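*Asks:* Mind looking at a prediction? Sequence and model below.
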Amino acid sequence: MSQRISKAACIGGGVIGGGWIARFLLNGIDVAVHDPHPDARRIVDEVLENARRAYRRMMMAPLCPEGRLTFHDTLAEAVSDADYIQESVPERLDLKHTVIAAIEAAAPRDALIGSSTSGFRPSQLQEGMAHPERLFVAHPFNPVYLVPLVEIVGSPANTEAALDRAAEIQRETGLKPVRIRNEVDAHIGDRLLEAVWREALWLVHDDVATTEEIDDVIRFGFGLRWAQMGLFETYRIAGGEAGMKHFIEQFGPALKWPWTKLMDVPEMTDALASKIGDQSDAQSGQHSIRELERIRDDNLIGILQALRANDWGAGETLREMEDRFFERAKASASATDPDYTAPMVLHETRVPGEWLDYNGHMTEFRYLQVFGDATDAFLGHIGMDDAYRSAGRSVYTVETHIRHLAETKVNTRLLVRTSVLGHDAKRIRLHHEMVDEAGQVQATAEHMLMHVDTTAGRASPMAAPLTERLSALSPGQSELEVPEHAGRPIRDIGWPDPEVT
Ligand SMILES: NC(=O)C1=CN([C@@H]2O[C@H](COP(=O)(O)OP(=O)(O)OC[C@H]3O[C@@H](n4cnc5c(N)ncnc54)[C@H](O)[C@@H]3O)[C@@H](O)[C@H]2O)C=CC1
Ligand SMILES: C[N+](C)(C)CC(=O)CC(=O)[O-]
């Protein structure tokens with residue numbers, strides 16, 4: 001059952017709170033924020049700008065309408081009508097206790113409360129709560145709007161049903177919830193990261209490597225493997241044909257050799273902090289933090305898209321998120337009941353920077369993408385959904401004619417006006433007009449769509465509800481003026497006369 005929430009409250013809007021706010025909003029959920037920091041709005045706006053840019057680059061599916069963002073001076077106001085609350089205040093137990101008590105006092109009784117804590121166990125956070133069963137750890141990874149993992153950790157006070165619901169809420173926002181079986185300090189991710197971090201600090205301290213060299217060892221080496229197979233699956237392959245057993249036999253003894261410093265942490269003296277800071281400045285100081293965030297986001301998107309192509313790991317989560325976005329677009333297209341005596345507006349989008357070509361305007365295949373999305377929205381509108389297709393029926397485009405009429409620039413908001421030029425038992429002749437906000441026509445497209453029996457692989461007559469909905473829109477649509485260019489072939493210009501040129 002869908003556990004989609006309609007309003008989230010985010011308490012704390014810093015690095016992680018800002019990421020949560022972006023993830024909720026971009027998944028169509030309203031967000032109420034409370035953060036006393038004087039620059040909270042600006043910081044959240046900047047994170048949101050990067051997140052919007054990332055989603056425009058990453059998603060194949062049309063983005064869903066953003067949720068509504070509100071800021072509140074008091075925590076009580078922010079949580080008063082939220083059905084889910086995410087706490088992301090600084091990592092201090094006393095502060096978390098104060099904030100959680102305030103949330104519990106003001107939030108609706110059935111609203112769940114997730115904490116972003118990196119290290120505290122849920123039972124520590126639940127101390128003093130009247131209803132501890134509603135609070136759990138939902139530990140995300142930075143940037144929350146792109147990295148799918150969220151660790152869901154409960155204590156004995158939580159019910160399985162509540163933790164399942166928490167996980168489902170996260171899944172609905174495109175995250176990959178991993179339930180941690182038993183609460184433990186720092187959950188799983190940060191225990192692993194701490195071990196690597198501690199060792200890296202020693203390597204810098206002992207002048208074995210600089211910050212840049214350590215990062216190179218990770219990003220040119222095992223970091224690539226971790227993103228797609230993690231640790232155990234990677235080592236299984238490293239054991240050769242004999243697999244994991246052979247790997248353990250061969251490399252197990254090395255675990256007892258003093259390779260790593262394990263729990264020993266170098267004392268963070270001013271000298272060591274400056275050494276790390278200076279090396280980090282030399283490595284990356286030419287970029288602002290926001291620039292580095294964009295570089296990081298673009299690389300993450302590339303990795304996620306590559307994994308999506310293989311439907312593997314985090315790419316599977318992205319594909320599922322896109323499927324949800326496609327379904328939402330179709331549902332909203334079929335929910336609207338347009339005036340059929342005018343062209344229907346069922347799809348709109350905005351032109352992101354990466355859609356431009358070397359001429360500085362929208363590159364040509366993106367026109368087909370926008371028209372293709374508009375066709376999908378129309379088909380959703382007349383009732384073509386998963387249930388219809390799972391009966392072995394679908395609609396294929398068999399012919400397309402696009403006219404490019406203007407230079408479509410970055411950030412232009414595009415609306416597509418769709419009209420049905422005709423239909424019979426098996427075919428639909430569709431016309432799309434792509435216009436900008438001022439109504440200037442940027443391009444038009446005419447398509448012939450064929451209804452097919454996908455099992456037999458041949459054209460077949462349409463069935464209900466497509467037939468019924470087409471009948472309902474026909475009277476109005478048939479009154480529309482047929483565009484003068486409809487049905488026009490590309491003009492024959494012949495060949496130059498060699499006598500003339
Ligand atoms: N930064 C990271 O990489 C990650 C952090 N976390 C966890 O997320 C939580 C927040 O960490 P960050 O976002 O990094 O910290 P941050 O310092 O960037 O943000 C904390 C925000 O909380 C606000 N705040 C302070 N007191 C508040 C109050 N009483 N009510 C509402 N807002 C308040 C601050 O003004 C600030 O904007 C911590 O529990 C941390 O362990 C989890 C995953 C990763
Ligand atoms: C540094 N940190 C412990 C706050 C990191 C995390 O909690 C997760 C992450 O995003 O690396």
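*Replies:* Everything's here; your move. Numbers count the residues shown, from 1 in each chain. Ligands and ions are numbered 1, 2, ... in the order given.

*Asks:* low-confidence ranges in the stretch 201-350 of the chain?
*Replies:* Within the stretch 201-350 of the chain, the stretches with pLDDT under 70 are 262, 333-337.

*Asks:* Let me see the ranges of the helices in it.
*Replies:* Remark: helices assigned in the stretch 201-350 of the chain by DSSP state H, counting those that start in this stretch are 211-217, 223-229, 232-238, 243-251, 270-284, 289-309, 314-335.

*Asks:* what angle separates the last one from helix 289-309?
*Replies:* Between helix 314-335 and helix 289-309, the angle formed by their directions is 90 degrees, by axes from the mean of the first three to the mean of the last three C-alpha atoms, to 10 degrees.

*Asks:* And the fourth one, by the same measure?
*Replies:* Put simply, helix 243-251 runs at 130 degrees to helix 289-309, going by the same axes, to 10 degrees.

*Asks:* And for helix 243-251, what's in contact with it?
*Replies:* With C-beta atoms under 8 Å, 6 or more residues apart in numbering as the test, helix 243-251 has contacts from 232, 235-236, 238-240. Quick note: C-beta positions are derived from backbone N, CA and C, even for glycine.

*Asks:* Ligand 2 next: which of these are close?
*Replies:* Residues of the contacts of helix 243-251 in contact with ligand 2 (C-beta under 6 Å from any ligand atom): none.

*Asks:* Looking at those, which one is closest to ligand 1?
*Replies:* Phe232 (23.5 Å; C-beta to the nearest ligand atom).

*Asks:* Count the neighbours of the closest one for me.
*Replies:* The tally of other residues near Phe232 (other C-beta atoms under 10 Å) stands at 9.

*Asks:* Let me see the contact set for it.
*Replies:* Each residue near Phe232 by C-beta under 8 Å, 6+ apart is listed here: Met244.

*Asks:* Next one: it relative to Glu199, how far apart?
*Replies:* Noted for Phe232: a distance of 20 Å to Glu199, by C-beta to C-beta, to the nearest Å.

*Asks:* And for the residue in the chain that ligand 1 sits nearest to, the neighbour number?
*Replies:* When scored by C-beta to the nearest ligand atom, the chain has Gly14 as its residue closest to ligand 1, at 1.9 Å. Gly14 has 17 neighbours, counted by other C-beta under 10 Å.

*Asks:* What of the one 4 residues further on?
*Replies:* Here the count is done by other C-beta under 10 Å, and Gly18 has 28 residues near it.

*Asks:* before we move on, the earlier item: mean neighbour count, the helices of the stretch 201-350 of the chain: which tops it?
*Replies:* Highest mean neighbour count of the helices of the stretch 201-350 of the chain: helix 314-335, a mean of 18 (counted as mean count of other C-beta atoms under 10 Å).

*Asks:* if we can go back for a sec, could you point out which of the helices of the stretch 201-350 of the chain sits nearest Leu93?
*Replies:* If you check each of the helices of the stretch 201-350 of the chain against Leu93 by C-beta to C-beta, helix 270-284 wins as the nearest, at 24.6 Å.

*Asks:* what sits up against that closest one?
*Replies:* 201, 204-205, 210-212, 215, 266, 292.

*Asks:* which two from the residues you listed end up farthest apart in space?
*Replies:* Pro266 and Leu292 (25.2 Å).

*Asks:* Find out how far stretch 19-29 is from the centre of the chain, if you would.
*Replies:* Mean C-alpha position of stretch 19-29 versus that of the full chain (C-alpha atoms, centre = their mean, to the nearest Å) differs by 9 Å.

*Asks:* quick one on the thing from earlier: I'd like to know which of the helices of the stretch 201-350 of the chain is closest to Ala162.
*Replies:* Between these, helix 314-335 lies closest to Ala162; by C-beta to C-beta that is 22.5 Å.

*Asks:* on contacts alone, who are the packing partners of that closest one?
*Replies:* Applying 3 or more C-beta pairs under 8 Å, 6 or more residues apart in numbering; DSSP states H and E, we find helix 314-335 packed against helix 289-309, strand 344-350, helix 364-381.

*Asks:* Let's have those in JSON lines, adding distance to Arg179.
*Replies:* Formatted as JSON lines, the helices and strands packed on helix 314-335 follow (distance: least, C-beta to C-beta, whole Å):
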{"stretch": "helix 289-309", "distance to Arg179": "22"}
{"stretch": "strand 344-350", "distance to Arg179": "36"}
{"stretch": "helix 364-381", "distance to Arg179": "34"}
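
*Asks:* Spell out which residues of the protein are next to ligand 2.
*Replies:* Near ligand 2, when you scan the chain using C-beta under 6 Å from any ligand atom, you find 118, 141-142, 189-190, 193.

*Asks:* ok, of the contacts of helix 243-251, which one's closest to ligand 2?
*Replies:* Using C-beta to the nearest ligand atom, the contacts of helix 243-251 come closest to ligand 2 at Phe232, 20.0 Å.
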